[in-house]
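Colleague: Here is my input, please return the structure:
(2 chains)
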Amino acid sequence: MKNFIEVTELKKVFGNGEDEVHAFGPATININSGEFVSVLGPSGCGKSTLMLMVAGLLDSTSGKVEFENKLVNGPKTDIGIMFQDNTLVPWRTVKGNIELQLELRGLNLKDYQEQINNILKSVNLEDFADRFPNELSGGMQQRAAFCQAMIHDPKIILLDEPLGKLDAMTREKIRADFQKLWMVKKPTVIFVTHSIEEAVQLSNRVILITPRPGIIDREIKIDLPYPRDLKVKRSPKFTEYVNSIQEVFHKYGVI
Amino acid sequence: MKKFIKWIFSGWMLILFFVGFFLFWEYSIPLFDIPRYILPSPSEIVSKGSADLDKLVYYTGVTALETVLGYIIALILGLGFGIAISFSSILRRTLYPFFVSIEMTPKIAFAPLFISWFGFGLMPKVIIVVLVCFFPIVLNAILAFNSLSNELTLFYQSTGASRLKTFFSIRLPAALPQCFVGFKYAAINATVGATIAEFIGSDKGLGFYISIVTGNMRPDLAFAGIFFLTVLGLTVFGFVTMMEKILIPWHISMKRINK
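Modeller: Residues are numbered from 1 along each chain as shown, chains lettered A, B, ... in the order given. Predicted coordinates for the structure are as follows:
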């Protein structure tokens, strides 16, 4: 069987002539259906660029991306996407923002009312459905953005440092939310991050990207049981994974 | 309740300031022996002005018509061109730099030309108001429609929604706060444009009235005219601000004012 997502010799160069910036690649990656893959690397290594190219939201300079053997040549629409800066619009409430995803996709809002309530409950936001984003804390906003990105049950979820701006405690909480949802619905997740611990805690596999121009240094399979709670995080095996990744980046002089 | 008391209090401060200002004005005229043909006292402005009230009210109507008509035309044209330029790369490379370069010329300098082309009637004044209002509206609209965050752009692209749907669901509401910066600036310009147009060539309107009475050494009546112009200007600006509150109550700058 072929892989769910196949990335072949994908490369991105911004600008041309003297202004040319080699941002990423070439890189070849295969991702299975239902896999949680983290793309880990120092800032500026092109990991976000990679994610956007996989989603068809950014043209590649060379190479190709295939989903279930179909070539990606425009924005993919069966995805849910989340960024460091959330995509909540200030003129809609939390619930209105979740409905925005459905409206833009031409889905019937009536069919989703129960699902909206459920997903809000799953992230403890049920009392804030009618609040506007600027009335919420950063962590709550990000949880609302999470509901917005997931409400249409996407098969593929793209996360671009969604926890980047949050404090350590909130990060921990939302990580658990991600894990819970992934264990239930088993979407394919590409998680871009520069937190080693986060990558190890959540992923089946971590792809380590070198400093710019980013290429793949190595892939590490994380063989730990789910759910990866505090107990797993305190296990020697977890620490071993974190240490071995730290050594790789230490070698590049980024940490 | 606390908010309400605070509001009343801040209102009283302002009223107190104005009362003080006018009292100072009233009593400094005998005190410093200022001749009334240089600066009349507020009480004289009121008493002499009220004798001319019919004329002042009629002229306010004339100037208001020029102002509002010009403003609405500028609003429609400014938004239309603004949106067109934001969405067309050809227009962005041609019309946009053209508009920016015209923005540098003082539009009011065209006023005598328009009067000589179109006569003393309503039309040349409306054109001048359009001219002074159009540029702030169009330039802010272009800025507004081009400053959607990268994340929101990627988000709507990932939904596969049509351009029309994204325009009304995301692009337009996201652009409104910046558009209103232009609308408000233009609202201030509008009465200025109408007044200057009337200074240059007209037979009615508040600008006409002020220039005639000043020529007749009647600063008291000139101040009465200025008072009506101020009321007109505040009304136009107040209406635009009210529209802003109705259309974008969610905007952060609105929330800060309310607090």
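Colleague: What parts of chain A come near chain B?
Modeller: Within chain A, the residues that sit near chain B (C-beta under 8 Å from any C-beta of the partner chain) are A:52, A:55, A:57, A:75-77, A:79-81, A:83, A:85-87, A:89-91, A:100-101, A:103-106, A:132, A:134. In short, each C-beta sits where N, CA and C put it, glycine included.
Colleague: Apply 6 Å and report the result again.
Modeller: Chain A has residues A:Leu57, A:Pro75, A:Thr77, A:Ile79, A:Ile81, A:Phe83, A:Asp85, A:Thr87, A:Pro90, A:Trp91, A:Leu104, A:Arg105 near chain B, with proximity defined as C-beta under 6 Å from any C-beta of the partner chain.
Colleague: Quick check: the first one touching B:Phe155?
Modeller: No. Using C-beta atoms under 6 Å as the test, A:Leu57 is too far from B:Phe155 to be in contact (9.6 Å).
Colleague: Tell me which of those two has more neighbours.
Modeller: Higher neighbour count among A:Leu57 and B:Phe155: B:Phe155, with 28 against 20, using other C-beta atoms under 10 Å in any protein chain shown.
Colleague: Hmm, the more buried one is touching A:Asn86, no?
Modeller: No. Counting by C-beta under 6 Å, B:Phe155 stays clear of A:Asn86, with 9.4 Å between them.
Colleague: May I ask you to name the longest helix in chain B?
Modeller: Of all the segments assigned as helix in chain B under DSSP state H, the longest by residue count is helix B:53-87.
Colleague: Give me the mean pLDDT for that one.
Modeller: Per-residue confidence for helix B:53-87 averages out to 96 on the pLDDT scale.
Colleague: for stretch A:223-234, same thing?
Modeller: Within the predicted structure, the mean pLDDT of stretch A:223-234 is 89.
Colleague: Tell me how chain A divides into domains.
Modeller: If the domains of chain A are taken from automatic domain parsing, they occupy A:5-78+A:156-251, A:88-154, with pieces of a single domain joined by a plus sign.
Colleague: Looking at those domains, which is nearest to B:Gly205?
Modeller: With respect to B:Gly205, and counting by C-beta to C-beta, the nearest of the domains of chain A is domain A:88-154 at 40.0 Å.
Colleague: can you tell me the distance between the two ends of stretch B:199-207?
Modeller: Stretch B:199-207 has an end-to-end distance of 5 Å (criterion: C-alpha to C-alpha, to the nearest Å).
Colleague: circling back to that earlier point, among the residues of chain A next to chain B, which lie within strands?
Modeller: A:Ile79, A:Ile81, A:Phe83 (DSSP state E).
Colleague: ok, the first one touching A:Lys155?
Modeller: Yep, that's A:Ile79 we're talking about. No. A:Ile79 is beyond contact range of A:Lys155, at 7.7 Å (criterion: C-beta under 6 Å).
Colleague: Looking at these two, which has the bigger crowd around it?
Modeller: Set side by side, A:Ile79 and A:Lys155 give different neighbour counts by other C-beta under 10 Å, the larger being at A:Ile79 (23 against 17).
Colleague: Not counting its neighbours along the chain, what's nearest that one?
Modeller: Excluding the flanking residues, the one nearest A:Ile79 by C-beta to C-beta, 6 or more residues apart in numbering or on different chains is A:Ile156, at 4.6 Å.
Colleague: Counting neighbours, what do you get for that neighbour?
Modeller: Counted with other C-beta under 10 Å, residues neighbouring A:Ile156 total 20.
Colleague: what are the phi and psi values for it?
Modeller: Backbone torsions of A:Ile156, given as degrees, to the nearest 10, read phi -130, psi 130.
Colleague: Thought A:Val189 was touching it, still the case?
Modeller: No. The pair A:Ile156 and A:Val189 fails to qualify as a contact (C-beta under 6 Å) at a distance of 7.7 Å.
Colleague: now check the helix or strand harbouring B:Thr230, is it near chain A?
Modeller: Using DSSP states H and E, B:Thr230 sits within helix B:219-247. No. Counting by C-beta under 6 Å from any C-beta, chain A has no neighbours in helix B:219-247; the shortest distance is 9.7 Å.
Colleague: Return the member of the residues of chain A next to chain B nearest to A:Glu68.
Modeller: Nearest to A:Glu68, judged by C-beta to C-beta, of the residues of chain A next to chain B is A:Ile79 at 13.4 Å.
Colleague: residue boundaries of the strands in the stretch 1-150 of chain A?
Modeller: Secondary structure of the stretch 1-150 of chain A by DSSP state E, counting those that start in this stretch: the strands cover A:5-14, A:21-31, A:36-40, A:62-67, A:70-71, A:79-83.
Colleague: Pick out the residue closest to the middle of chain A.
Modeller: Central residue of chain A (C-alpha atoms, centre = their mean): A:Leu159, 1.8 Å from the mean position.
Colleague: Phi, psi for it please.
Modeller: A:Leu159 has phi and psi values of phi -120, psi 120 when expressed as degrees, to the nearest 10.
Colleague: and the longest helix of chain B, what does it pack onto?
Modeller: Other elements packing on helix B:53-87 under the criterion 3 or more C-beta pairs under 6 Å, 6 or more residues apart in numbering or on different chains; DSSP states H and E are helix B:89-104, helix B:122-145, helix B:172-200, helix B:206-215, helix B:219-247.
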